[in-house]
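A.B. asks: Just a sequence and a predicted model for now, questions to come.
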Amino acid sequence: MARLLNRLNARKVVTLETAGRHADGGGLYLSISADGRRRWVFLYRWHGRLREMGLGIPRDVPLARAREAAAQARELVSQDQDPLEVRRRTRTVKTFGTVADEFIVTMQVQWRNEKHAAQWQNTLREYAGALHSLPVDAISTEDVMRVLRPIWAEKQETASRVRGRIERVLDAAKAQGMRTGENPARWRGHLDLLLPKRQKLSRGHHKAMAYKDVPAFMQRLQTATGVSIRALEFTILTAARSGETLGALWSEIDLNAGVWTVPAKRMKAGREHRVPLVGRAVEILNEAQVRRLADNPHVFPGQRLGKGLSVMALEMVMRRAKLTETPHGFRSAFRDWAGEETDYPREIAEAALAHLVGDAVERAYRRGDALEKRRALMDAWALFCSSKALS
């Protein structure tokens with residue numbers, strides 16, 4: 001028996017990459033999923049059926065502790081006791097809501113902004129509220145279906161996100177040894193047999209305004225007042241993503257140099273992005289600085305103390321204007337204009353949108369960000385947005 005135990009060592013636990021179960025012996029396995037997630041499991045037979053007991057993840061449970069837990073479980077089996085049932089009787093099982101909140105706090109470190117965490121919290125509370133008070137180890141397929149059925153057809157994208165988030169929370173619970181068996185929110189080979197197939201659900205692109213209509217819209221914006229309106233105008237002039245504008249801080253702005261430096265943690269590609277500020281964008285910032293609040297670091301402050309505008313602020317400007325286009329669509333309008341109306345190289349237009357161009361080797365040799373070339377492009381864009389509106 002001694003040779004059948006302790007097959008793994010600490011180095012192997014860290015370096016193993018092959019998906020599957022890797023035996024340490026005595027029913028203890030290091031389980032590695034296809035996406036690289038690792039967890040300890042104890043496999044045993046109970047009344048003729050194979051059962052799986054989670055023992056945590058290697059980051060929290062080192063090899064020695066996993067072996068101790070497996071040894072305790074083997075002892076219970078030898079005494080004709082089911083380790084899973086013993087664990088259920090001797091501990092308080094967390095609710096889905098508690099596990100979800102803990103998961104969000106843990107993952108927040110790798111998410112780039114507060115908006116992502118807020119979206120997780122809001123969707124799980126609004127649409128998966130029925131699960132929050134349930135013990136996380138008791139959630140079944142029918143529980144998940146009760147959440148998804150009412151929204152699956154009418155709110156397709158939201159429903160898909162809710163399902164995925166429930167799945168990740170339940171996976172996290174399983175990795176911590178709180179659940180066993182298959183994930184009831186899993187899509188492939190499970191919920192795809194109970195709900196319309198994913199390919200029938202259309203994501204679509206962000207609806208964009210034709211670039212020739214942008215000048216007239218900019219003129220409408222300039223005749224209106226409000227922080228959200230100025231923020232949208234600033235977004236269009238800088239070809240920025242909405243989240244970048246909504247999260248803009250005064251510490252990122254250099255008015256003397258005419259540069260807005262968006263840190264990597266707030267960029268989709270995870271790379272710092274310098275934005276050249278055109279004349280009108282600087283005017284907007286100067287106006288905002290006059291109204292700058294001492295207790296709010298945001299360029300475009302919202303109503304909550306110390307916070308920026310809400311994630312829906314720019315979208316609501318479009319809706320109040322009775323338009324169906326989206327704020328994000330102005331990036332497409334800018335790209336179409338640059339391609340159709342200017343001779344600027346594709347690389348410059350893509351860089352203005354903070355898109356990665358070329359393969360990793362090519363990007364490694366292209367150290368600069370062509371800031372001044374992009375400044376000329378953005379000046380031309382601002383001139384197009386204003387001069388045609390006045391003609």
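C.D. replies: Noted; the coordinates are in hand.
A.B. asks: And stretch 283-299, end to end?
C.D. replies: With Cα to Cα, to the nearest Å as the measure, stretch 283-299 spans 13 Å from end to end.
A.B. asks: pLDDT of it, averaged?
C.D. replies: Throughout stretch 283-299, pLDDT has a mean value of 91.
A.B. asks: what comes into contact with that stretch?
C.D. replies: By Cβ atoms under 8 Å, 6 or more residues apart in numbering, the residues outside stretch 283-299 that reach it are 227, 230, 233-234, 237, 245, 247-251, 253, 255, 277, 300-301, 305-309. Quick note: C-beta positions are derived from backbone N, CA and C, even for glycine.
A.B. asks: which of those residues count as buried?
C.D. replies: Neighbour counting by 16 or more other Cβ atoms under 10 Å classes 227, 230, 233-234, 237, 245, 247-248, 253, 277, 300-301, 308-309 among the contacts of stretch 283-299 as buried.
A.B. asks: Show me which of these is closest to Val259.
C.D. replies: Lowest distance from Val259 to those (Cβ to Cβ) belongs to Leu277, with 6.4 Å.
A.B. asks: and that closest one, what is it in contact with?
C.D. replies: Thr238, Ile253, Leu255, Gly258, Val259, Trp260, Leu285.
A.B. asks: How is this protein partitioned into domains?
C.D. replies: Domain assignment of the chain by automatic domain parsing yields the ranges 2-90, 96-200, 211-390.
A.B. asks: gap between the second one and the chain center?
C.D. replies: What that stands for is domain 96-200. Domain 96-200 sits 14 Å away from the centroid of its parent chain (Cα atoms, centre = their mean, to the nearest Å).
A.B. asks: Show me what secondary structure element comes after the one helix or strand in the chain whose mean pLDDT sits lowest.
C.D. replies: The weakest-scoring helix or strand in the chain, judged by mean pLDDT, DSSP states H and E, is helix 360-365 (a mean of 41). Downstream of helix 360-365, the first helix or strand assigned by DSSP states H and E is helix 371-390.
A.B. asks: mean confidence score for stretch 379-389?
C.D. replies: Stretch 379-389 carries an average pLDDT of 84.
A.B. asks: Check what pLDDT Val61 gets.
C.D. replies: At Val61, pLDDT is 88.
A.B. asks: My read is that it contacts Arg67, right?
C.D. replies: No - if you go by Cβ atoms under 8 Å, Val61 and Arg67 don't touch, sitting 10.0 Å apart.
A.B. asks: Can you classify Arg168 as helix, strand or coil?
C.D. replies: Following DSSP: H, G, I helix; E, B strand; the rest coil, the label given to Arg168 is helix.
A.B. asks: what's the neighbour count on it?
C.D. replies: Per other Cβ atoms under 10 Å, the neighbour tally for Arg168 reads 16.
A.B. asks: Give me the subset of the contacts of Leu277 that lies in strands.
C.D. replies: Those of these mapping onto strands are Ile253, Val259, Trp260, per DSSP state E.
A.B. asks: Now for the second one: which residues touch it?
C.D. replies: The contact partners of Val259, by Cβ under 8 Å, 6+ apart, come to Ile253, Arg274, Val275, Pro276, Leu277, Leu371.
A.B. asks: Spatially central residue in the protein, please.
C.D. replies: In the chain, the centroid-proximal residue (Cα atoms, centre = their mean) is His116; its distance is 5.2 Å.
A.B. asks: Could you say which helix or strand holds that one?
C.D. replies: Assigned by DSSP H and E, His116 falls in helix 114-127.
A.B. asks: Asp80 now?
C.D. replies: Judged by DSSP H and E, Asp80 forms part of no helix or strand.
A.B. asks: Show the residue spans covered by the strands in the chain.
C.D. replies: Counting by DSSP E, the strands of the chain are 20-25, 28-32, 38-46, 49-56, 253-254, 259-262, 273-276.
A.B. asks: Make a markdown table from the ones you listed and add distance to Val77 to it.
C.D. replies: Shown next, in a markdown table, are those (distance: least, Cβ to Cβ, whole Å):
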| stretch | distance to Val77 |
| --- | --- |
| strand 20-25 | 15 |
| strand 28-32 | 13 |
| strand 38-46 | 5 |
| strand 49-56 | 10 |
| strand 253-254 | 64 |
| strand 259-262 | 56 |
| strand 273-276 | 57 |
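A.B. asks: Export the ones you listed to a markdown table and append columns for mean pLDDT and distance to Ala172.
C.D. replies: Putting the strands of the chain into a markdown table (pLDDT from 0 to 100; distance: least, Cβ to Cβ, whole Å) gives the following:
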| stretch | mean pLDDT | distance to Ala172 |
| --- | --- | --- |
| strand 20-25 | 94 | 19 |
| strand 28-32 | 94 | 14 |
| strand 38-46 | 94 | 10 |
| strand 49-56 | 91 | 11 |
| strand 253-254 | 95 | 38 |
| strand 259-262 | 95 | 31 |
| strand 273-276 | 94 | 32 |
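A.B. asks: Out of those strands, which is closest to Pro83?
C.D. replies: Smallest distance to Pro83 across the strands of the chain (Cβ to Cβ): 5.5 Å, for strand 49-56.
A.B. asks: quick check: angle from the closest one to strand 20-25?
C.D. replies: 90 degrees (axes from the mean of the first three to the mean of the last three Cα atoms, to 10 degrees).
A.B. asks: All good on my end, thank you.
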